[in-house]
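> Task: produce atomic coordinates for the following.
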Amino acid sequence: MTIEKVQQCIISALICAVASFPVGALVATSVSMDQDDSGSDAVVLCVMAVAIGVLAVGAGRLVHRIEPLSPYVLMGAIPGLATIAYILAR
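Next comes the predicted model:
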């Protein structure tokens, strides 16, 4: 591997690590808010988690000089969408 490729991998791993903390916090907060009967507020927090996840995956793709708009970007939405499904199923 070249030094540039290693740098790209490290930066994309840092982007994922930094983005996972607010996504996890928003998801955990939305689940606890749902237990307090604040369902609509919990869904709004999950939508914010979806946005952060999608932006993080897009940023990782940009670091690798890959087109950021692709179906793979939707992988960043999985935690937020799963939490929305959990909240609405309750």
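> Assess the claim that M33 and A42 are in contact.
Yes. Using CB atoms under 8 Å, M33 is in contact with A42, at 4.4 Å. All C-beta spots, glycine's among them, are computed from the backbone N, C-alpha and C.
> out of the two, which sits in the more crowded spot?
A42 (26 against 19; other CB atoms under 10 Å).
> Going by secondary structure, the more buried one is in what exactly?
helix 39-63 (DSSP states H and E).
> And for I10?
I10 belongs to helix 3-35, assigned by DSSP H and E.
> Mind checking what secondary structure Y86 has?
Under DSSP: H, G, I helix; E, B strand; the rest coil, the three-state class of Y86 is helix.
> I figured it hits V27, correct?
No. Taking contacts as CB under 8 Å, Y86 lies outside contact range of V27: 9.3 Å.
> who's more crowded, these two?
Higher neighbour count among Y86 and V27: V27, with 24 against 15, using other CB under 10 Å.
> Let me know the pLDDT of D37.
Looking at D37, its pLDDT is 74.
> That one - how many residues pack around it?
Neighbourhood size, D37 [other CB under 10 Å]: 8.
> Who are the contact partners of R61?
E67, P68, S70, Y72, V73 (CB atoms under 8 Å, 6 or more residues apart in numbering).
> Out of those, which comes closest to L81?
Closest approach between these and L81, by CB to CB: V73, at 13.0 Å.
> Can you verify my assumption that that closest one contacts G53?
No. Counting by CB under 8 Å, V73 stays clear of G53, with 9.0 Å between them.
> Neighbour count for these two, which is higher?
Between V73 and G53, counted using other CB under 10 Å, the more crowded position is G53 (26 against 19).
> Isn't that one up against L74?
No. Counting by CB under 8 Å, L74 is not a contact partner of G53; they are 9.2 Å apart.
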